[in-house]
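Chemist: just to be clear, the model below is a prediction. Sequence and coordinates:
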Amino acid sequence: MAIGAVACWLGGVWSDAEARTEEARGTEADRRCDAFVNRLYGSYDKTRTERLRALDPVEVSSLKDKISAAAQAESLGSARAAELGKFIDVVADAEREVTLARRAGDRVKKDIEGERESGKLTTDEADAVAPLGESAAFNTLLTVDLGELTAEARAIAVLCAMDRMETARGLTKHLKVYAVERPYSAFFNVAPPDVPRDAHKPLKPGTWLAYLTSVAAAAGHAVPEHVKAVQDREALAWGGVLVGLADKLRAQTPSLSDETELKKVAEGITRRIENEYRSSEAGILHTGERSAHHG
């Protein structure tokens, strides 16, 4: 039941395990949440589903009550019930944090695409700084002791980091740093660059690429020195960091329960990221070799 809620909250990230298309991710996430609520309460309830997906505190509390009742019915003991309740709380808090960051990022992306009123970009950028950089709940999820559920919490923290990277995609460069700086420092021990906290101030050219490549190197997937094109270096660094996160996810996988879908999802996401990185790397390196030959 707890992992079923997580599957609903993670949305498209969870669908990545099955390599869903961009168009199918939202539909699959809706279906998964609908099925979970139907199973949990015995009937479809659109309002309850929407509240659960929105991580409404009252709905999360109701979910905890359901899980606690089930734990008692199965004689799991009060300690296990409390552990499950704490798990739900810390994951919900982390997912709420990710959701607020994503919404802030989406507003900026709409500005960039010209879908909102003229002159709104800088205001939305400034407003996005706080939610993009907020990481208190992520820190808790990454460090909390949840007994047998600790591996699940760590795996979900990695998925939250991947979600943060997806939010960063398409943002202006200084906002990218805000979005990923805490996960990058937590998983790869790389300090963020000195970025102005005032979103109106420009980022020094080259800062983002230097930061990303340093994180990729720390993750064990450094960009080859002979790759010179900025676009290629950024693509390889981005992929290298994602593979580094996949490595972190793989490290948790053996400890995940075999009784839920999380283990299978973690394995599926790891495979997808590695395959995409290998394909991208081969294409970039092959193109570079061919260009050098013609040169």
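Modeler: It's in.

Chemist: what stretches of the stretch 151-295 of the chain score poorly on pLDDT?
Modeler: Applying pLDDT under 70 to the stretch 151-295 of the chain picks out residues 199, 287-295.

Chemist: all strands in it, in order from the N-terminus.
Modeler: Shown for the stretch 151-295 of the chain, no strands are assigned by DSSP state E, counting those that start in this stretch.

Chemist: what ranges do the helices span in it?
Modeler: Using DSSP state H, counting those that start in this stretch, the helices found in the stretch 151-295 of the chain span residues 173-188, 207-218, 230-252, 262-294.

Chemist: to residue 76, which of those helices lies closest?
Modeler: helix 262-294 (18.5 Å; C-beta to C-beta). Every residue, glycine included, has its C-beta placed from N, CA and C.

Chemist: could you list the buried residues of that closest one?
Modeler: 262-263, 265-266, 268-270, 272-274, 277, 280-281, 284, 288 (16 or more other C-beta atoms under 10 Å).

Chemist: give the helix, strand or coil label for residue 114.
Modeler: Three-state assignment for residue 114 (DSSP: H, G, I helix; E, B strand; the rest coil): coil.

Chemist: before we move on, back to that, can you put the helices of the stretch 151-295 of the chain in CSV and add distance to residue 38?
Modeler: CSV is the format used below for the helices of the stretch 151-295 of the chain (distance: least, C-beta to C-beta, whole Å):
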stretch, distance to residue 38
helix 173-188, 34
helix 207-218, 42
helix 230-252, 29
helix 262-294, 20
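
Chemist: among the ones you listed, which is nearest residue 153?
Modeler: helix 230-252 (9.2 Å).

Chemist: packing partners of the closest one?
Modeler: If contacts are counted by 3 or more C-beta pairs under 8 Å, 6 or more residues apart in numbering; DSSP states H and E, helix 230-252 sits against helix 150-168, helix 173-188, helix 207-218, helix 262-294.

Chemist: and it, how far out from the chain middle?
Modeler: Its chain's C-alpha centre and that of helix 230-252 lie 13 Å apart, by C-alpha atoms, centre = their mean, to the nearest Å.

Chemist: could you shift the numbering so residue one becomes 592, and keep it that way?
Modeler: All set: I'll call the first residue 592, so the last point we hit is now helix 821-843.

Chemist: keeping just the C-alphas, turn that helix into CSV.
Modeler: The C-alpha trace of helix 821-843 is given here as CSV (Å, rounded to 0.1, in the frame of the first residue of the first chain):
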residue,chain,number,x,y,z
VAL,A,821,30.1,22.5,-26.1
GLN,A,822,26.8,20.9,-27.0
ASP,A,823,28.4,17.4,-27.1
ARG,A,824,30.2,18.0,-23.8
GLU,A,825,27.0,19.1,-22.1
ALA,A,826,25.1,16.1,-23.5
LEU,A,827,27.7,13.6,-22.3
ALA,A,828,28.0,15.3,-18.9
TRP,A,829,24.3,15.3,-18.4
GLY,A,830,24.1,11.6,-19.4
GLY,A,831,27.1,10.8,-17.2
VAL,A,832,25.4,12.3,-14.1
LEU,A,833,22.2,10.4,-14.8
VAL,A,834,24.2,7.2,-15.1
GLY,A,835,25.9,8.1,-11.8
LEU,A,836,22.5,8.3,-10.2
ALA,A,837,21.5,5.0,-11.8
ASP,A,838,24.6,3.6,-10.1
LYS,A,839,23.3,4.8,-6.8
LEU,A,840,19.9,3.3,-7.5
ARG,A,841,21.5,0.0,-8.4
ALA,A,842,23.4,-0.1,-5.1
GLN,A,843,20.0,0.0,-3.3
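
Chemist: which residues are contacting it?
Modeler: Residues from elsewhere that reach helix 821-843 (C-beta atoms under 8 Å, 6 or more residues apart in numbering): 742, 745-746, 749-750, 752-753, 756, 774-775, 778-779, 800, 803-804, 806-815, 818, 857, 860-861, 864-865, 867-868, 871-872, 875, 878-879.

Chemist: what residues are up against the residue nearest in space to the middle of the chain?
Modeler: The centroid of the chain falls nearest to residue 754 when counting by C-alpha atoms, centre = their mean (2.0 Å). Going by C-beta under 8 Å, 6+ apart, residue 754 touches 601, 604, 689, 693.

Chemist: and the last one, how many neighbours?
Modeler: Burial of residue 693, expressed as a neighbour count using other C-beta atoms under 10 Å, amounts to 18.
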